[in-house]
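In: Have a look at this prediction, sequence included:
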Amino acid sequence: MVGRSNRPSALSATPGLAPQPQVTISPDNASVSAVLPTGESVTVLLHGATVTSWCDAAGNEKLWLSEAAKLDGSKAVRGGIPLVFPVFGTDKSHAAVAGLPQHGFARTSRFEFLGKSTSESLTPSTAGPSSSKNNAADLTVKLDFGLSGAGLDAETRKLWPYDFNLIYSVNLNRESLTTGLVVSNDGDKPFECQVLMHTYLRVQDITKVEIKGLENKSYVDKVDGAKTKTQPDGPVTITGETDRVYTTASAPTAGSGSSSESTSPGAPVTVLEAGKTVFTVAQDNLPNVVVWNPWTDKAKGMSDFEPKDGFRNMLCIEPGSVGGWQTLEPGEAYEGAQTISCS
Ligand SMILES: O=P(O)(O)OC[C@H]1O[C@@H](O)[C@H](O)[C@@H](O)[C@@H]1O
C-alpha cells in the first residue's frame, strides 16, 4: 500500500450531537420513561399520569411505591406521585363534587402522552464544567400529559360535566424533579376545583425524620377532629398517624396562572433525616402542604399498602391548593407546580 502524505485526517474532532435524554414508551403502552445521559430517570404511568419512579444517577429510588400498588389501572396507585383533582378527599357538602370519589378522578383516569421536549437546565449544574461533556450534565427532559372533559369515561363525565383541560408536566433534570399542572376552563360555565400532588417520598427511617419550613404555620389536624392548630416553632416529627393540611402561603387569586397573579411562594419544606437534608420541596402557586403518614393501624387497613411496616420508609409531602376552591371562569386557567430536590 502506498502511503499518502496528504491524505485527509480522520474526522475524530467532528462535533457530534450531545447525548440526548432517552424517552421510551413501554411495549404495553402503559407508561413513559425518560433517562438523562447522566443516568437520572423518571417513569410515569399513563393511568393517572402517576409518577411511579424517580431515580438519581446512581439508580437510588427517591419515591416510595407500595409493593402491592395496582399499576393496571384498576385503582389509584399507592405510592409515587398520584395527582389529586378536582377534589381533595371528599366533600359531600359541595354539590359539584359530592358524587366524586376520594381525591377526585384524575388519579384513576388514563392520560394521553402529549410528547417530550428537551432543553438545557436553567439551574447551574453542580457537576462542574469538566464533567459536563457535550453539556450532557445540563440537559433536562419534560414529559407532557393531558386529560380533558371529553376524555373522561361517560360515568365520570356525568358526575363532573365540565369542559376542562388539564396539562400535567413532569420535568426531570440532574438536580430535581418538577411536576406542574395547568388546568383551564374551556367551557362556558365556571367550575371550582382543588389540586394536589400526593408525593410519597422514600425515607430510610421515619423516626429519624424532621420536617422544617412549617414552623408557625396553621394547619388542620385531620387526626384530631379537624381542629385548626398552629405548628410550634420547631420541626415536625412523625411519631404516630399524621394527617395535616398546612397553609404555607396565601390562597391564589381566582384564575391565577401568570407569575404576576401567583401567590408569593411559601418557604420550601425541607425533609431531614438524621440531621441531613434529604429532600427540599418548593411550591409554586400551591398554598397548602399536606403531611401524611398512616403509621401502623391505617397501613394495616389498606389492602394495597405493602409491606405493612412500609410506613417507616415513606413520608407524604403533598403540595396543593386544597384549603378552599379555585374558581375558574370560562377561559381562565390555574397553574401550580412543585420542585423536589435531594439536597
Ligand atoms: O387512601 P387515599 O385515598 O390514597 O388517601 C390517602 C391519604 O391522603 C392524604 O392526602 C389525606 O390527607 C389522607 O386523609 C388520606 O388518608
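Out: Sure, I can see it.

In: show me the contacts for the residue in the stretch 51-200 of the chain positioned nearest to the ligand.
Out: Sorted by distance to the ligand under Cβ to the nearest ligand atom, the residues of the stretch 51-200 of the chain start with residue 102, at 4.4 Å. Using the backbone N, CA and C atoms, a C-beta is placed for each residue, glycine as well. The contact partners of residue 102, by Cβ atoms under 8 Å, 6 or more residues apart in numbering, come to 89, 90.

In: Surely it forms part of a strand?
Out: No - remark: residue 102 does not belong to a strand; assigned using DSSP: H, G, I helix; E, B strand; the rest coil, it is coil.

In: where does the stretch 1-150 of the chain come near the ligand, residue by residue?
Out: 76, 102, 103 (Cβ under 6 Å from any ligand atom).

In: secondary structure class for the first one?
Out: The three-state label given to residue 76 by three-state DSSP is coil.

In: quick one: secondary structure of the spatially closest residue to it that is not a sequence neighbour?
Out: Computed as Cβ to Cβ, 6 or more residues apart in numbering, the closest residue to residue 76 that is not its neighbour in sequence is residue 107, at 4.3 Å. Secondary structure state of residue 107, per three-state DSSP, is helix.

In: what residue ranges in the chain are flagged as low confidence?
Out: Within the chain, the set of residues satisfying pLDDT under 70 comprises 1-15, 122-137, 252-265.

In: Helices along that one, start to end?
Out: Assigned by DSSP state H, the helices in the chain fall at 154-159, 295-301.

In: ok, the residues of the stretch 1-150 of the chain next to the ligand vs residue 202, which is closest?
Out: Comparing those against residue 202 with Cβ to Cβ places residue 76 closest, at 18.5 Å.

In: Against residue 89, how distant is that closest one?
Out: To residue 89, residue 76 is 13 Å away according to Cβ to Cβ, to the nearest Å.

In: between these two, who's got more neighbours?
Out: Neighbour count, other Cβ atoms under 10 Å: between residue 76 and residue 89, residue 76 has more, with 24 against 16.

In: What is the burial count for the residue nearest to residue 190 when sequence neighbours are not counted?
Out: Of all residues not flanking residue 190 in the chain, residue 329 sits nearest, at 4.9 Å (Cβ to Cβ, 6+ apart). Look at residue 329: counted by other Cβ under 10 Å, it has 12 neighbours.

In: now do residue 337
Out: Using other Cβ under 10 Å, residue 337 is surrounded by 19 other residues.

In: what pairs with it across the strands?
Out: residue 180, residue 284 (DSSP bridges).

In: Same check on residue 84?
Out: Beta bridges link residue 84 to residue 196, judged by DSSP bridges.

In: Tell me who's in contact with it.
Out: 103, 104, 106, 107, 194, 195, 196, 197, 198, 318, 320, 322.

In: ditto for residue 268
Out: By Cβ under 8 Å, 6+ apart, the neighbours of residue 268 are 213, 280, 281, 282, 283.

In: got it, and residue 173?
Out: Counted by Cβ under 8 Å, 6+ apart, residue 173 has contacts 36, 40, 121, 123, 139, 140, 141.

In: Check the spacing between residue 313 and the ligand real quick.
Out: 16 Å (Cβ to the nearest ligand atom, to the nearest Å).

In: which residues are in contact with stretch 142-153?
Out: Applying Cβ under 8 Å, 6+ apart, the contact partners of stretch 142-153 are 23, 32, 34, 42, 44, 46, 49, 105-106, 109-119, 157, 160-172, 186-187.

In: Show me which residues of the stretch 151-300 of the chain are close to the ligand?
Out: Residues of the stretch 151-300 of the chain lying near the ligand (Cβ under 6 Å from any ligand atom): 198, 222, 243, 290, 292.

In: Which members of those are positioned in strands?
Out: Mapping those onto strands (DSSP state E) picks out 243, 290, 292.

In: most neighbours, which of those?
Out: Highest count within those by other Cβ under 10 Å belongs to residue 290, 25 neighbours.

In: who touches the closest residue in space to it that isn't next to it in sequence in this structure?
Out: Here the nearest residue to residue 290 in space, its sequence neighbours aside, is residue 318; by Cβ to Cβ, 6+ apart that works out to 3.9 Å. With contacts defined as Cβ under 8 Å, 6+ apart, the neighbours of residue 318 are 84, 196, 197, 198, 199, 289, 290, 291, 292.

In: from those, which two are the most distant?
Out: Checking these with Cβ to Cβ, the most distant pair is 84 and 291, at 14.7 Å.

In: Contacts only, for residue 87.
Out: Residue 87 touches 94, 97, 100, 103, 104, 193, 194, counting by Cβ under 8 Å, 6+ apart.

In: Distance of residue 343 relative to the ligand?
Out: Taken as Cβ to the nearest ligand atom, the span from residue 343 to the ligand is 25 Å.

In: Surely that residue and residue 272 touch.
Out: No - the pair residue 343 / residue 272 is not scored as a contact, 10.9 Å apart, by Cβ atoms under 8 Å.

In: Go ahead and confirm the residue nearest to residue 190 touches residue 186.
Out: No - counting by Cβ under 8 Å, residue 329 stays clear of residue 186, with 11.7 Å between them.
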